[in-house]
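Novice: Here you go, sequence then predicted model.
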Amino acid sequence: MSPRTPADRRQTAMALPPLPEADAAAINGFLDAIWAENGLAQPTLDSYRRDLEGLARWRDGRGGGLAGADRGALFDYLAWRTGQGYSPRSNARLLSALRAFFGWRLRRGERDDDPAALLQPPKLPRSLPKALAESQIEALLAAPDIDTPLGLRDRAMLELMYACGLRVSELANLPATAINLRQGVLRVMGKGSKERLVPLGEEAQHWVERYLAQARPQLAGKRALAPLFIGANGEAPSRQQLWQLVKRHAAVAGIDPSRISPHGLRHSFATHLLNHGADLRALQMLLGHSSLSTTQIYTLVAREQLKQLHAKHHPRG
């Protein structure tokens with residue numbers, strides 16, 4: 001069965017019975033508690049709510065409640081979702097919500113067992129980061145019209161994203177004080193407010209210097225502005241604007257815009273460094289990964305690219 005679309009799920013949700021009051025109270029109490037205890041972000045809380053309400057409605061239609069579900073009921077629900085076309089990733093997220101919910105009730109003494117504890121998560125397909133070829137990067141970096149202030153700004157931003165492996169959120173929030181052109185380093189505030197220093201590289205430093213000398217004064221006028229990169233309105237580009245910017249310049253460079261995102265520059269940064277012999281530990285520091293296992297995914301990307309190169313060019317490939 002093909003995966004269900006968001007429209008399919010909305011239509012199904014509209015056809016299901018309303019949420020039982022007891023289950024609604026249990027879900028609200030759980031979400032309030034984990035927000036206070038763990039400070040979870042709102043998108044995570046929203047996904048937990050959707051998953052738990054989905055199980056509650058499914059159980060209600062079969063004469064049961066959410067709070068009293070046993071391991072067999074949870075197994076049956078996961079099997080039903082699989083038959084309905086829900087993806088393994090979606091079911092893995094559901095299992096995470098169930099473990100959190102029933103673990104919370106167990107700690108409160110409202111249950112004497114955790115029915116989700118022994119359920120095995122579905123195997124997720126390995127998805128490798130998509131990196132651009134070095135020739136594609138060169139074309140993308142050359143795409144902005146550097147004869148205009150905004151074009152020169154875009155060139156400097158793209159160069160900096162690729163040279164430093166920045167996340168789009170890191171670039172969007174970058175203050176002018178974060179860059180030290182004399183030392184050639186960038187101070188980046190990453191996930192979890194973890195700070196790291198990343199070398200600029202000669203090309204990125206050159207284009208940032210040109211932007212600061214020629215374009216930024218025109219865009220800022222007499223205003224003293226904190227962001228490093230600004231638009232004609234004096235404000236830093238949003239994450240959504242950065243997505244649109246990268247896709248617009250990708251189209252100019254002859255790259256399919258649907259196959260690229262700002263994060264693709266970060267993936268390319270990591271993959272190209274490994275291809276040219278970078279040490280994995282050094283790459284972990286440059287990317288700001290807390291765990292080396294997160295960085296190791298790029299070794300698989302580099303290996304896959306080498307296999308494709310061999311298959312294409314070796315006479316017996």
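Specialist: Arrived safely, thanks for sending.
Novice: which residues in the stretch 1-150 of the chain form helices?
Specialist: Using DSSP state H, counting those that start in this stretch, the helices of the stretch 1-150 of the chain run over 6-15, 21-38, 42-60, 71-83, 88-107, 134-141, 149-164.
Novice: and those helices, which one is worst for confidence?
Specialist: Here the helices of the stretch 1-150 of the chain differ in mean pLDDT, and the lowest is helix 6-15 at a mean of 45.
Novice: Identify the residues contacting residue 196.
Specialist: Residues in contact with residue 196 (C-beta atoms under 8 Å, 6 or more residues apart in numbering) are 187-188, 190, 285-286, 288. Glycine gets a C-beta too; all of them are placed from N, C-alpha and C.
Novice: So it, which state does it fall into?
Specialist: Classification of residue 196 by DSSP: H, G, I helix; E, B strand; the rest coil places it in strand.
Novice: So what sits opposite it in the bridge?
Specialist: residue 188 (DSSP bridges).
Novice: related to what we said a few turns ago, out of the helices of the stretch 1-150 of the chain, which is the most enclosed?
Specialist: Ranked by mean neighbour count, the helices of the stretch 1-150 of the chain are led by helix 149-164 with a mean of 24 (mean count of other C-beta atoms under 10 Å).
Novice: how about the residue nearest the centre of the chain, secondary structure?
Specialist: In the chain, the centroid-proximal residue (C-alpha atoms, centre = their mean) is residue 263; its distance is 8.0 Å. Secondary structure state of residue 263, per three-state DSSP, is helix.
Novice: Surely it is in contact with residue 165?
Specialist: No. Using C-beta atoms under 8 Å, residue 263 is not in contact with residue 165, being 10.1 Å away.
Novice: State the distance from the nearest residue to residue 284 once chain neighbours are set aside to residue 131.
Specialist: Distance criterion C-beta to C-beta, 6 or more residues apart in numbering; nearest residue to residue 284, sequence neighbours excluded, is residue 295 at 4.3 Å. Distance, residue 295 to residue 131, by C-beta to C-beta, to the nearest Å: 14 Å.
Novice: contacting residues around residue 91?
Specialist: If you count contacts by C-beta under 8 Å, 6+ apart, then residue 91 has 78, 81-82, 121-122 around it.
Novice: so what's residue 49 up against?
Specialist: Applying C-beta under 8 Å, 6+ apart, the residues near residue 49 are 27, 31.
Novice: Quick check, residue 286 in contact with residue 198.
Specialist: Yes. Residue 286 is within contact range of residue 198, at 5.7 Å (criterion: C-beta under 8 Å).
Novice: Spell out which residues are contacts of both of these two.
Specialist: Taking C-beta under 8 Å, 6+ apart as the criterion, residue 286 and residue 198 both touch 164-165.
Novice: now the residue nearest to the centre of the chain: how far from residue 245?
Specialist: From residue 263 to residue 245 the distance is 13 Å (C-beta to C-beta).
Novice: ok, the nearest residue to residue 208 once chain neighbours are set aside - contacts?
Specialist: Counting by C-beta to C-beta, 6+ apart, residue 156 is the residue found nearest to residue 208 once chain neighbours are left out, at 4.9 Å. Counting by C-beta under 8 Å, 6+ apart, residue 156 touches 204, 207-208, 210-211, 215, 229.
Novice: please redo it, this time with the cut-off set to 7 Å
Specialist: 207-208, 210-211 (C-beta atoms under 7 Å, 6 or more residues apart in numbering).
Novice: Which members of these are classed as buried?
Specialist: Neighbour-count burial (16 or more other C-beta atoms under 10 Å) applied to the contacts of residue 156 gives 207-208, 210-211.
Novice: got those as CSV, with distance to residue 20, pLDDT and secondary structure columns?
Specialist: Formatted as CSV, the buried ones among the contacts of residue 156 follow (distance: C-beta to C-beta, whole Å; pLDDT from 0 to 100; DSSP: H, G, I helix; E, B strand; the rest coil):
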residue, distance to residue 20, pLDDT, secondary structure
207, 60, 96, helix
208, 58, 96, helix
210, 63, 97, helix
211, 58, 97, helix
